[in-house]
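K.L.:
my questions concern the predicted model and sequence given below.
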Amino acid sequence: MLNRYPLWKNLLILLVLVVAGIYAAPNLFPEDYAVQISGSRAVHQVDENVMSNAVRALESDGITFKSSELENGAGMLRFSDGDTQLRARATLQEP
């Protein structure tokens with residue numbers, strides 16, 4: 001069977017499909033529940049001491065986390081679900 005449409009129409013349809021695929025791609029990945037710890041200003045950096053204090057505070061409240069990382073002066077704590085993330089955020093925001 002021969003293609004009855006001009007090349008530009010076929011390319012336009014292909015372009016629309018590619019753009020739609022790129023637009024929908026983030027929905028293929030699962031949610032990542034995390035709390036980011038950063039300094040209050042650009043000059044304040046998060047170091048190992050701050051991260052260990054945060055981990056101790058979470059452990060004292062019985063909150064478990066999947067992983068923790070320190071990169072570029074900011075810390076990231078990852079959790080398995082949203083409820084745990086919200087509890088951890090409340091714990092870490094306490095003065």
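P.N.:
Done, it's in.
K.L.:
roughly how far does Ala34 sit from Arg78?
P.N.:
As judged by CB to CB, to the nearest Å, Ala34 and Arg78 stand 5 Å apart. Yep, even glycine has a C-beta here, placed from its N, CA and C like the rest.
K.L.:
for Leu12, same thing?
P.N.:
Taking CB to CB, one finds Leu12 at 42 Å from Arg78.
K.L.:
sorry, back to before: out of Ala34 and Arg78, which sits in the busier spot?
P.N.:
The neighbour count for Ala34 versus Arg78, taken as other CB atoms under 10 Å, is higher for Ala34 (17 against 14).
K.L.:
pLDDT score assigned to that one?
P.N.:
The confidence metric pLDDT takes the value 93 at Ala34.
K.L.:
for Asn10, same thing?
P.N.:
The model's pLDDT for Asn10 equals 93.
K.L.:
would you mind listing the buried residues in the biggest helix by length in the chain?
P.N.:
When the chain is parsed with DSSP state H, its longest helix is helix 7-24. Within helix 7-24, no residue is scored as buried using 16 or more other CB atoms under 10 Å.
K.L.:
can you show me the CA trace of the next helix or strand after that helix as PDB?
P.N.:
Next helix or strand after helix 7-24 toward the C-terminus (DSSP states H and E): strand 33-37. In PDB, the C-alpha atoms belonging to strand 33-37 read as follows (Å, rounded to 0.1, in the frame of the first residue of the first chain):
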ATOM      1  CA  TYR A  33      10.300  11.300  48.600                       C
ATOM      2  CA  ALA A  34      13.100  13.400  50.000                       C
ATOM      3  CA  VAL A  35      14.000  16.300  52.300                       C
ATOM      4  CA  GLN A  36      16.700  18.600  51.300                       C
ATOM      5  CA  ILE A  37      18.800  20.300  54.000                       C
END
